[in-house]
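# Attaching a predicted model along with its sequence, questions to come.
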Amino acid sequence: MSNFVWCHGPSCHKSHTQDRIRGVKGSKVLRTKKVQQHAFNSGERTSMYSYFCSQGCYNDFANTYVREVIALHPRTEALETPINVTKVQDTYWNNQTYMRTEIKTVDNG
Ligand SMILES: [Zn+2]
């Protein structure tokens, strides 16, 4: 039993690779690739690689449909993470001292 989805890249079927060639002589086609679903790209591990055969196909999809994707999850205001900023004295490998900025996230429980 084969468990797969078709790659969602809008131009997947236009890439000239041997593994996309299907059909018999005289009526051959380039076909969209299958993306196998397995333990590493399904369930809790679902990711872009669950739906796209390659980074290129993902980029093609994202660039083609970016307005629709953003419309689903619009960001209308900035997000903020509470932090504490402190200056900390540290030392280089040669024992010379310097001040560095330390940023720690405030844990709001
Ligand atoms: Zn693809």
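Yep, it's here.
# Please make it C-alpha for all contacts and neighbour counts, starting now.
OK.
# got the contact list for stretch 92-108?
Identification of contacts with stretch 92-108 by Cα atoms under 8 Å, 6 or more residues apart in numbering yields 81-91.
# make that stretch 24-41, sorry
For stretch 24-41, contacts defined as Cα under 8 Å, 6+ apart pick out 2-7, 12-16, 19-23, 45-47, 49-53.
# Can you tell me the number of residues neighbouring the residue nearest to residue 15 when sequence neighbours are not counted?
Take residue 15 and drop its neighbours on the chain: the residue closest to it by Cα to Cα, 6 or more residues apart in numbering is residue 30, 7.5 Å away. Neighbourhood size, residue 30 [other Cα atoms under 10 Å]: 17.
# Next one: residue 30, what pLDDT does it get?
On the pLDDT scale, residue 30 is placed at 98.
# now residue 43
At residue 43, the pLDDT recorded in the model is 89.
# What of residue 1?
Turning to residue 1, the model gives it a pLDDT of 49.
# Check which element follows the host helix or strand of residue 65 along the chain.
Secondary structure assignment for residue 65, by DSSP states H and E: helix 55-72. For helix 55-72, the following helix or strand on the C-terminal side (DSSP H and E) is strand 83-91.
# Which other helices and strands does that following strand contact?
strand 97-105 (3 or more Cα pairs under 8 Å, 6 or more residues apart in numbering; DSSP states H and E).
# Tell me the gap between the strand it packs on and the middle of its chain.
31 Å (Cα atoms, centre = their mean, to the nearest Å).
# ditto for stretch 76-94
Mean C-alpha position of stretch 76-94 versus that of the full chain (Cα atoms, centre = their mean) differs by 27 Å.
# Okay, now it: how far is its last residue from its first?
Start-to-end span of stretch 76-94 (Cα to Cα, to the nearest Å) is 48 Å.
# I'd like the average pLDDT over it.
Stretch 76-94 comes out at a mean pLDDT of 96.
# Next to the ion in this structure, residues from the chain, please.
Neighbours of the ion within the chain, by Cα under 5 Å from the ion: 7, 9, 12, 53, 57.
# Pull out the buried residues from those.
Buried residues within these, counting neighbours by 16 or more other Cα atoms under 10 Å: 7, 9, 12, 53, 57.
# Fine by me, thanks again.
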